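A.B. asks: I would like the atomic coordinates for the input below:
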Amino acid sequence: MTGRGVTSDRERYHLLFFGGYLPSYSRNAIIRKGWRALGLPISECRADTRRKVHLRYPALLWRYLRAGERGRILFVPDFRHKDVPLAWVLARLSGKRLVFDPLVSRYETRVLDRGDATEGSPQAWHNRNIDRLSFTLPDLVLADTEAHARFFIGEYGISPEKVYPLPVGFDEDVFPQQPEREGGGAFRVLFYGSYLPLHGIEAIIDAASLLRDRHMEFTLVGSGQTYEEIRNRARHLDTGTVTFRGYVPERELCPLIAASDVVLGIFGTTPKAAMVIPNKVYQSLAVGRAVVTADTPAIREHFIHGVHLMTVPNADPGALAGCLRDLQDNPGLRRRLAAEGGSYVRKHFCSARIAERLASILEEAGLL
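C.D. replies: Down below sits the predicted model:
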């Protein structure tokens with residue numbers, strides 16, 4: 001599938017983004033940017049994501065009716081599980097096809113990863129049922145990795161024929177390639193994220209403690225569920241130089257990445273950690289920095305250890321410390337990883353390539 005191939009009949013590729021989604025969230029922002037880069041039409045029918053369902057549905061219905069017949073495919077973006085039933089009704093009434101891009105399972109995120117509810121609780125039952133309904137109704141369900149697709153299929157009994165993997169990729173305007181960092185000073189290691197259990201930041205803190213005699217600086221950017229626990233862990237360990245920074249908008253991350261020698265991915269042991277490739281892997285490689293992350297089924301779908309990036313076992317501070325030590329001592333390896341991984345990501349996972357993959361999926365699934 002190429003950009004030229006999808007422009008021969010533009011209108012049949014017309015997507016109508018539908019739901020209470022955030023336009024700026026990286027997953028759907030990348031798809032929309034890539035779709036437009038291919039010269040393909042997009043319409044939007046959006047309500048404020050902060051509105052509860054009983055207020056969001058009337059707003060979406062009104063905006064949908066005003067949109068008229070625009071969009072051959074109703075596309076419900078990331079995290080909008082509760083908007084799928086309304087989208088399904090409207091798709092059936094208007095003869096459109098329905099695509100859902102959940103990015104996550106609510107049950108998997110809230111019960112298996114974050115632990116907001118225990119298995120067997122009413123909340124777990126509620127979220128599992130929302131997942132089952134929102135995954136069953138659409139004509140096609142997207143997953144960010146093959147590992148995630150297998151989870152959706154096995155957990156919710158979805159037909160394998162209607163679940164397709166689509167990598168998250170990166171936004172090339174937000175994360176452009178940067179020149180190599182000038183030498184001198186401490187070896188700089190960066191992590192950024194929302195402190196979810198899947199991130200396994202405990203391993204980073206423990207690795208920093210093992211490397212405290214090295215001339216290294218660790219910077220951890222963000223906040224979230226495990227933030228205080230991680231701060232307390234760092235206080236009770238001799239970690240050398242570890243700096244905590246709060247939330248940084250996505251558009252301000254590129255200079256932080258460029259000022260680092262290595263960027264860290266995720267190291268957790270939750271089921272979700274094995275099924276996702278975090279945004280930071282694509283983004284940091286695109287900027288041109290070496291990446292270290294956990295060796296998982298998801299990461300092995302697209303990346304080769306020692307070629308595109310470095311991988312270590314989950315939750316293994318010793319292995320992570322050893323890998324960082326090797327990268328500090330071997331700048332040639334670090335440069336090669338940054339060059340190979342960066343070139344690979346920029347070629348295959350920029351917004352236009354992600355959009356081309358989506359167009360191929362829609363054709364293969366018979367929705368166009």
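
A.B. asks: alpha carbons only for contacts and neighbour counts from here, please
C.D. replies: Noted.

A.B. asks: how much space between residue 114 and residue 193?
C.D. replies: Going from residue 114 to residue 193 by CA to CA, to the nearest Å gives 14 Å.

A.B. asks: for these two, indicate the residue with more neighbours.
C.D. replies: Ranked by neighbour count (other CA atoms under 10 Å), residue 114 and residue 193 place residue 193 first, with 21 against 18.

A.B. asks: the more buried one contacts residue 219, correct?
C.D. replies: No - using CA atoms under 8 Å as the test, residue 193 is too far from residue 219 to be in contact (11.4 Å).

A.B. asks: just the strands in the protein please.
C.D. replies: Ranges of strands in the chain, per DSSP state E, are 15-19, 42-46, 73-76, 97-100, 140-143, 163-165, 187-192, 216-221, 241-245, 262-264, 290-294, 310-312.

A.B. asks: and those strands as TSV, adding mean neighbour count, mean pLDDT and distance to residue 121?
C.D. replies: Below are the strands of the chain laid out as TSV (neighbours: other CA atoms under 10 Å; pLDDT from 0 to 100; distance: least, CA to CA, whole Å):
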stretch	mean neighbour count	mean pLDDT	distance to residue 121
strand 15-19	25	95	28
strand 42-46	19	94	32
strand 73-76	27	96	28
strand 97-100	26	97	27
strand 140-143	26	98	26
strand 163-165	22	98	28
strand 187-192	22	98	32
strand 216-221	20	97	33
strand 241-245	16	93	35
strand 262-264	25	98	35
strand 290-294	27	98	31
strand 310-312	22	98	35
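
A.B. asks: next, format these as CSV and append distance to residue 85.
C.D. replies: As requested, these are exported to CSV (distance: least, CA to CA, whole Å):
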stretch, distance to residue 85
strand 15-19, 11
strand 42-46, 15
strand 73-76, 10
strand 97-100, 10
strand 140-143, 14
strand 163-165, 18
strand 187-192, 35
strand 216-221, 37
strand 241-245, 40
strand 262-264, 38
strand 290-294, 36
strand 310-312, 40
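
A.B. asks: can you tell me how far the nearest residue to residue 286 once chain neighbours are set aside is from residue 149?
C.D. replies: Of all residues not flanking residue 286 in the chain, residue 342 sits nearest, at 4.8 Å (CA to CA, 6 or more residues apart in numbering). Distance, residue 342 to residue 149, by CA to CA: 26 Å.
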